[in-house]
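K.L.:
Got a predicted structure plus its sequence, pasted below:
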Amino acid sequence: MQEEENGSQRLEAESETPVPMPESVEPETPPEAPSEPEPGLESVEKEPARPGLLRKILLWAVAVLLIFSLGVGACWLTQVQPQRERINSLENRAQTAESQVESLQAEVARLTPFEAENESLQAQLKRTGQHLDLLFVLVDVTSAQLAMVQEDAIAAKAALTGTDMRLSSLEADLDGNNASTVKGLRERLGLVLQEIDTDAFAARRDLEILANNLLSLERSLFGE
């Protein structure tokens, strides 16, 4: 009887002891898959805009324009301006020689009855006319040089239109070595006229040689 009571008490005690409930297990959430970037978006994110690049491009453009401007200015100062000043000087000298020719012609007409004075004036008139022809040739050649510097072949050829005729007249009035020199000048002029359209560099070189030889001839003949 005592054992039955003890057994019933144990059953009651066990029934009263709370049974531990299993802990709730939270479902594992799968790791989020990396989202794929939209097309074109990745390149934008990886290559952010660089404002310094545009600044460098602008600086380069300004530098190139500055160098070009300096080149044009240097060409003007070293070639164009001196050639124009030379042309103006030669034209002034030609005008002075032309005035002398007109004055001598008037004097010759006035002194026609006096044969001795007339012969002297005729010789002086011929010499002044030769100088005038030579100055006009120099003007032609210098004008052609200026046109070639400006890369204007048409203007260069136009400047040399009557040059050979003037040289031919000068060659006829001279003799000896001076006539041979003028003949060589005419040959050089022929080369220039051939080269203007085909080889601008050679044309500029021969024009420079022609101008230097003309100046040497002027100094030789007229002491300029």
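P.N.:
Great, that's in hand.
K.L.:
Tell me the secondary structure of the closest residue to V108 other than its chain neighbours, please.
P.N.:
Nearest-residue entry for V108: L121, 4.8 Å, with adjacent residues in sequence omitted and distances by C-beta to C-beta, 6 or more residues apart in numbering. For the C-beta atoms, the positions are set from N, CA and C on the backbone; glycine is no exception. Following DSSP: H, G, I helix; E, B strand; the rest coil, we place L121 in the helix state.
K.L.:
what's the distance between L121 and R127?
P.N.:
Relative to R127, L121 is positioned 11 Å away (C-beta to C-beta, to the nearest Å).
K.L.:
quick one on the thing from earlier: would you mind measuring from the residue nearest to V108 to L214?
P.N.:
Distance, L121 to L214, by C-beta to C-beta: 27 Å.
K.L.:
who's more crowded, those two?
P.N.:
Ranked by neighbour count (other C-beta atoms under 10 Å), L121 and L214 place L214 first, with 22 against 19.
K.L.:
what about that one, helix or strand, and which?
P.N.:
Here L214 sits within helix 200-222, counting by DSSP states H and E.
K.L.:
for that helix, which positions count as buried?
P.N.:
Counting neighbours by 16 or more other C-beta atoms under 10 Å, one finds that the buried residues in helix 200-222 are 203-204, 206-207, 210-211, 213-214, 217-218, 221.
K.L.:
out of those residues, who's nearest R93?
P.N.:
Closest approach to R93 among the buried residues of helix 200-222 (C-beta to C-beta): E218, at 9.7 Å.
K.L.:
The closest one reaches L138, doesn't it?
P.N.:
Yes. If you go by C-beta atoms under 8 Å, E218 and L138 touch, sitting 7.3 Å apart.
K.L.:
Sketch out the low-pLDDT regions of the protein for me.
P.N.:
For the chain, applying pLDDT under 70 flags the ranges 1-53, 68-80, 111-118, 224.
K.L.:
quick one, what contacts Q83?
P.N.:
Q83 makes contact with 142, 145-146, 149, according to C-beta atoms under 8 Å, 6 or more residues apart in numbering.
K.L.:
for E98, same thing?
P.N.:
L132.
K.L.:
rewinding a little: just to be sure, which of the contacts of Q83 are found in helices?
P.N.:
142, 145-146, 149 (DSSP state H).
K.L.:
Just send these back as JSON lines, with distance to H131 and neighbour count too.
P.N.:
Listed next are those as JSON lines, based on distance: C-beta to C-beta, whole Å; neighbours: other C-beta atoms under 10 Å:
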{"residue": "T142", "distance to H131": "16", "neighbour count": "25"}
{"residue": "Q145", "distance to H131": "21", "neighbour count": "24"}
{"residue": "L146", "distance to H131": "23", "neighbour count": "22"}
{"residue": "V149", "distance to H131": "27", "neighbour count": "18"}
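K.L.:
Dump these to JSON lines, plus distance to D199.
P.N.:
Formatted as JSON lines, the ones in helices among the contacts of Q83 follow (distance: C-beta to C-beta, whole Å):
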{"residue": "T142", "distance to D199": "20"}
{"residue": "Q145", "distance to D199": "15"}
{"residue": "L146", "distance to D199": "18"}
{"residue": "V149", "distance to D199": "15"}
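K.L.:
and of those, the nearest to I57?
P.N.:
V149 (33.1 Å).
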